[in-house]
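Asks: pasting a predicted model and its sequence here:
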Amino acid sequence: MTPDLDVLLTRARTWLAEDPDKQTRAELEDLVARVADDAAPEAVAELADRFRGTLEFGTAGLRGALGAGPNRMNRVVVIRAAAGLASYLRDNGATAGSTVVIGYDARHNSDVFAQDTAEVMSGAGLTPLLLPRPLPTPLLAYAIRELGCVAGIMVTASHNPPQDNGYKVYLGDGSQIVPPADTEIAARIAAIGTLTSVPREPIGTTGGRVLGEDIVDSYLDTVAGLAGDGPRDLDVVYTPLHGVGGTSVVQVLETAGFTAPQVVEAQEHPDADFPTVAFPNPEEPGAMDLAIALAERTDADIVVANDPDADRCAAAVPVADGWRMLRGDEVGALLASHLLARGRQGTYATSIVSSSLLGKLAAAAGQDYVETLTGFKWIGRLPGLAFGYEEALGYCVDPEHVADKDGVSALLLLCELAAEAKAVGRGLPDLLDDIAIEHGLHATDQVSVRVTDLGQIAAAMTLLRATPPTALGGLAVERAEDLTVGVGGLPPTDGLRYYLADGARVIVRPSGTEPKLKCYLEVVVPVADRDVAAARAAAAGTLAAMKADFAAAAGIQPV
Ligand SMILES: O=P([O-])(O)O[C@H]1O[C@H](COP(=O)(O)O)[C@@H](O)[C@H](O)[C@H]1O
Ligand SMILES: [Mg+2]
């Protein structure tokens, strides 16, 4: 046995001694035995990975595979995280009786992690309020403001694979944490000694309770109230993708006067194993197949979907040759023009990896425009926000009540817009064409590479930094920026941005929620003689060439 292996085994045994979860304990005991017996290389690598650092706050809180060890999601990590957060809150003005609202999705152990969190809050003298059942993330964000809480926690891994879970952390403003709060909370988590030093009390101890359905109804009525008067004739197919959006979306649409959507039966109820999809992420190819098939069979007008925690919204619409998924940037432009047409005043915002079109729409209507880093935590908190969106299917159409993305309210307003268009014999693609004719066709695409070894992502970034591309898809790279130095007033972040000829731009960055390298591309093609189809074809050709060149420059194989 090498000294390194000895240290690893000691750490694992120390961890085992305080793990309150039978299942993760059994799993780690087994792994420790395999390492101690014959140091089987696979077992050693697995154990080392579990103890390689601790889960850190990323784009949207903590996120990782379920399992034992500090580098996984489990009860020990959650209890420590809750205790660190409680200590941060106490140091920043929270007093006895300050409330913390806790929500959870329907993933494996989400309810257990929520319960642990509530007990830690009680133990710290704060008052936990638990949402009554697995519910959408935006409902949690709503509850923070509505109930005047000092913080909120949502136990969810959103759209990640079934074996993952996660922990989204919000402060009293209803937005997810950003620096320096995240590092200050992380420091307090790191400072926690043994788990036995963390006081835990039953949730009633400090007046905490499980909330009733009234908070759910209050949220759903608020969302339904966003729709104006107008046409409601629209045949909607909907899927919550085995997540928690289902009943909320149906209730909101009906309250707003729509006929109940047809819901994809096999994906209607929450299921932690997401049995009908490879990845429960509407961005992934195939995730919407069942919904689109149902829409085809029933000749529906639109397909809408939420990701499993219902903070994202995806849509597909019928076109001449079948069904077309709308990109997040397209839905963002549609919702923005819908709100601008209604006279919504304020700041229109998106992330730097999203389309530049929003800036043009806002400017044309005399409204302010702001760009942030990736992550809705940056958008939701902007003062004076009128509307915010990001290409990753996230939209905030009601910043007054929900300072985060909300797949339920976005879905309602998109259906409202589609019904208005249908009433005059048009579809959402026609509205997109109108926008393209006025502002130029802004076409976006993404190369997303899933890796098993995070080293591959670092290697691609290193290669790009060492040998920057000089042209992509035949467009010269006119300017390159390394985002790690913090450009244009943005906080530093790992990423590279290239400005190309003809207004094209490319950004590459590692995902902060999944083991993926993401490259976001945009080209802007003027529309001549109202011929949007020609501009679209030209843009598609350039984007395809840019993708291929980018993959070669980064040394990656996109799937
Ligand atoms: O998981 P969700 O639905 O909350 O979505 C989260 O992850 C997305 C992808 O982030 P990344 O590119 O770093 O993986 C972000 O755009 C989003 O703001 C964040 O809330
Ligand atoms: Mg989500």
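Replies: Looks like it arrived, so ask away. Numbering: from 1, shown residues only. Ligands and ions are numbered 1, 2, ... in the order given.

Asks: in contact with residue 111, which residues?
Replies: For residue 111, the contacting residues are 104, 134, 155, by C-beta atoms under 8 Å, 6 or more residues apart in numbering. Heads up, the C-betas are built off the backbone N, CA and C, glycines and all.

Asks: kindly reformat those as JSON lines containing distance to ligand 2, neighbour count and pLDDT.
Replies: Listed next are the contacts of residue 111 as JSON lines, based on distance: C-beta to the ion, whole Å; neighbours: other C-beta atoms under 10 Å; pLDDT from 0 to 100:
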{"residue": "104", "distance to ligand 2": "13", "neighbour count": "28", "pLDDT": "98"}
{"residue": "134", "distance to ligand 2": "13", "neighbour count": "21", "pLDDT": "98"}
{"residue": "155", "distance to ligand 2": "13", "neighbour count": "30", "pLDDT": "98"}
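
Asks: mind checking which of the residues you listed land in helices?
Replies: For those, not one is inside helices, with DSSP state H as the criterion.

Asks: closest one of those to residue 461?
Replies: Within the contacts of residue 111, the smallest distance to residue 461 is 31.1 Å, found for residue 155 (C-beta to C-beta).

Asks: my read: that closest one touches residue 166, true?
Replies: Yes - Residue 155 lies in contact with residue 166 (C-beta atoms under 8 Å); the separation is 7.4 Å.

Asks: what are the phi and psi angles of residue 8?
Replies: When read as degrees, to the nearest 10, the backbone of residue 8 gives phi -60, psi -50.

Asks: now do the longest helix seen in the chain, average pLDDT.
Replies: In the chain, taking DSSP H as the definition, the longest helix is helix 532-554. Taken as a whole, helix 532-554 has an average pLDDT of 96.

Asks: could you list the low-pLDDT ranges of the chain?
Replies: For the chain, applying pLDDT under 70 flags the ranges 1, 558-559.

Asks: how does it look with 90?
Replies: Flagging of the chain using pLDDT under 90 yields the residue ranges 1-4, 38-40, 58-60, 278, 285, 452-453, 488, 512-514, 556-559.

Asks: what parts of it come near ligand 1?
Replies: Within the chain, the positions lying close to ligand 1 (C-beta under 6 Å from any ligand atom) are 59-60, 158-159, 307, 311-312, 374-376, 390, 392, 394, 511-514, 518.

Asks: separation between residue 410 and ligand 2?
Replies: Noted for residue 410: a distance of 12 Å to ligand 2, by C-beta to the ion, to the nearest Å.

Asks: for that residue, give its distance to residue 245.
Replies: Residue 410 sits at a distance of 11 Å from residue 245 (criterion: C-beta to C-beta, to the nearest Å).

Asks: those two: who's more crowded?
Replies: Taking other C-beta atoms under 10 Å, residue 410 and residue 245 do not tie; residue 245 has more neighbours (33 against 30).

Asks: got the contact list for the more buried one?
Replies: Counting by C-beta under 8 Å, 6+ apart, residue 245 touches 136, 306, 308, 310, 407, 408.

Asks: so the fifth one sits against residue 138, correct?
Replies: Yes - contact criterion C-beta under 8 Å: residue 407 and residue 138 qualify, at 6.9 Å.

Asks: what number of residues lie near the residue nearest to residue 534 when sequence neighbours are not counted?
Replies: Spatial nearest neighbour of residue 534, chain neighbours left out: residue 528 (7.4 Å); criterion: C-beta to C-beta, 6 or more residues apart in numbering. Neighbours of residue 528 under the rule other C-beta under 10 Å: 10.

Asks: looks like residue 528 contacts residue 538 (just checking).
Replies: No - between residue 528 and residue 538 there is no contact, the gap being 10.1 Å when judged by C-beta under 8 Å.

Asks: hang on, the earlier thing: and the residues of the chain next to ligand 1, which are buried?
Replies: When the residues of the chain next to ligand 1 are checked for burial by 16 or more other C-beta atoms under 10 Å, the buried set is 59-60, 158-159, 307, 311-312, 374-376, 390, 392, 394, 511-514, 518.

Asks: show me the strands in the stretch 451-559 of the chain, by range?
Replies: 471-472, 475-482, 496-500, 505-510, 516-525 (DSSP state E, counting those that start in this stretch).

Asks: outline the domain layout of the chain.
Replies: Following automatic domain parsing, the chain resolves into domains at 1-52, 56-193, 218-437, 440-554.

Asks: adding distance to residue 205, write those out as TSV.
Replies: Below are the domains of the chain laid out as TSV (distance: least, C-beta to C-beta, whole Å):
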stretch	distance to residue 205
domain 1-52	18
domain 56-193	5
domain 218-437	26
domain 440-554	34
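
Asks: separation between residue 437 and ligand 1?
Replies: As judged by C-beta to the nearest ligand atom, to the nearest Å, residue 437 and ligand 1 stand 29 Å apart.

Asks: skipping its backbone neighbours, what lies nearest that residue in space?
Replies: Nearest non-adjacent residue to residue 437, counting by C-beta to C-beta, 6+ apart: residue 527, 5.1 Å away.

Asks: that neighbour: how many residues sit nearby?
Replies: For residue 527, the neighbour count with other C-beta under 10 Å is 19.

Asks: also the one 10 residues further on?
Replies: When neighbours are defined as other C-beta under 10 Å, residue 537 has 12 of them.

Asks: just residue 4 next, same as before
Replies: 10.

Asks: if we can go back for a sec, and the residue nearest to residue 437, what is it in contact with?
Replies: Taking C-beta under 8 Å, 6+ apart as the test, what residue 527 contacts is 436, 437, 440, 441, 535.

Asks: if we use 6 Å, what do you get?
Replies: If you count contacts by C-beta atoms under 6 Å, 6 or more residues apart in numbering, residue 527 has them with 436, 437, 441, 535.

Asks: a helix runs through the second one, doesn't it?
Replies: Yes - the assignment for residue 437 by DSSP: H, G, I helix; E, B strand; the rest coil puts it in a helix.

Asks: next one: phi and psi at the residue in the chain that ligand 2 sits nearest to?
Replies: At 3.2 Å from ligand 2, residue 158 is the closest residue in the chain, using C-beta to the ion. In terms of degrees, to the nearest 10, the main-chain angles of residue 158 are phi 50, psi -120.

Asks: contacts only, for the residue nearest to it when sequence neighbours are not counted.
Replies: In space, residue 158 comes closest to residue 309 once its chain neighbours are excluded; the distance is 4.8 Å by C-beta to C-beta, 6+ apart. Shown in contact with residue 309 (C-beta under 6 Å, 6+ apart): 105, 137, 156, 158.

Asks: same check, this time on residue 523
Replies: 443, 504, 539, 542, 543.

Asks: isn't the last one right up against residue 446?
Replies: No - counting by C-beta atoms under 6 Å, residue 446 is not a contact partner of residue 543; they are 9.8 Å apart.

Asks: what angle separates the longest helix of the chain from strand 516-525?
Replies: If you take axes from the mean of the first three to the mean of the last three C-alpha atoms, to 10 degrees, helix 532-554 sits at 140 degrees to strand 516-525.

Asks: what's in contact with helix 532-554?
Replies: 433, 436, 441, 443, 445, 447, 460, 464, 469, 472-473, 519, 521, 523, 525, 527, 558.

Asks: picking that back up, surely the residue nearest to residue 158 forms part of a helix?
Replies: No - looking at residue 309 with three-state DSSP, it is coil, so not inside a helix.

Asks: before we move on, the earlier item: show me which of the contacts of helix 532-554 are buried.
Replies: If you count burial by 16+ other C-beta under 10 Å, the buried members of the contacts of helix 532-554 come out as 433, 436, 441, 443, 445, 447, 460, 464, 469, 472-473, 519, 521, 523, 525, 527.

Asks: and which of these is nearest to residue 44?
Replies: Taking C-beta to C-beta as the measure, residue 44 lies nearest residue 460 of the buried ones among the contacts of helix 532-554, at 27.1 Å.

Asks: isn't the closest one right up against residue 556?
Replies: Yes - counting by C-beta under 6 Å, residue 460 touches residue 556, with 5.4 Å between them.

Asks: hmm, back to that, ok, which pair from the buried ones among the contacts of helix 532-554 is furthest apart?
Replies: Spatially, the most separated pair among the buried ones among the contacts of helix 532-554 is 433 and 460, at 36.2 Å (C-beta to C-beta).
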